[in-house]
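Novice: Next one to model:
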Amino acid sequence: MAKKLKLDPQKDIFLPHRDAGDIGIHEEGRENTFFSDLKYLDNAKVIIALLDGPDVDSGTAVELGYAYAHRKEIFGLLTDWRRWSPDKKVQNINNMIWGVCGKGKRIYRKIDDEFVRSLKEVLNK
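Specialist: Model prediction:
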């Protein structure tokens, strides 16, 4: 994806576990991790969230709410085929997550040409 969009994976893509710190940080360092994550969210033009699992990760859900409140463009990636209906509509996803992802219009099953095309449109605004 980064190559198709001409993005530098280190400079242009923020991954909280890689860039803000280990998810398991406790006590010392926890505050830095939290504020680092918020800083990157503030500076982001687009948020791409992994929505897999029995429910969206609690930290991801907070990040999405924060991003939505700050009018960020949000894309969801939901690769679990069990969460899609036969007619390719998202099912079994929290309504708030569905809503922040463009009322479901920006939830994708995979990173494909349609996903990249939509992302390019937003990045080129």
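
Novice: Just want the most central residue of this structure.
Specialist: With distances taken as C-alpha atoms, centre = their mean, the chain has residue 49 as the residue nearest its mean C-alpha position (1.8 Å).

Novice: and stretch 102-109, how far from the chain's centre?
Specialist: The gap between where stretch 102-109 is centred and where its chain is centred comes out at 11 Å by C-alpha atoms, centre = their mean, to the nearest Å.

Novice: now stretch 69-89
Specialist: Its chain's C-alpha centre and that of stretch 69-89 lie 10 Å apart, by C-alpha atoms, centre = their mean.

Novice: Using CSV, write out every CA atom in it.
Specialist: Taking Å, rounded to 0.1, in the frame of the first residue of the first chain, the C-alpha atoms of stretch 69-89 are listed here in CSV:
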residue,chain,number,x,y,z
ALA,A,69,-14.0,14.5,17.0
HIS,A,70,-11.1,16.2,15.4
ARG,A,71,-12.6,15.7,11.9
LYS,A,72,-10.0,13.3,10.6
GLU,A,73,-10.7,11.0,7.7
ILE,A,74,-11.1,7.5,9.0
PHE,A,75,-10.8,4.2,7.1
GLY,A,76,-11.5,0.8,8.7
LEU,A,77,-9.9,-2.5,7.6
LEU,A,78,-12.0,-5.5,8.6
THR,A,79,-10.4,-8.7,7.1
ASP,A,80,-12.4,-11.3,9.1
TRP,A,81,-14.8,-12.8,6.5
ARG,A,82,-17.2,-13.8,9.4
ARG,A,83,-18.0,-10.2,10.0
TRP,A,84,-19.3,-9.7,6.4
SER,A,85,-22.7,-10.7,5.0
PRO,A,86,-22.9,-12.7,1.8
ASP,A,87,-23.8,-9.5,-0.1
LYS,A,88,-20.6,-7.9,1.2
LYS,A,89,-22.1,-5.6,3.8
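
Novice: about what we covered before: list the residues that contact the residue nearest to the centre of the chain.
Specialist: 56, 60, 63, 64, 74, 75, 76, 77, 101 (C-beta atoms under 8 Å, 6 or more residues apart in numbering). (C-beta placed from N, C-alpha, C; glycine too.)
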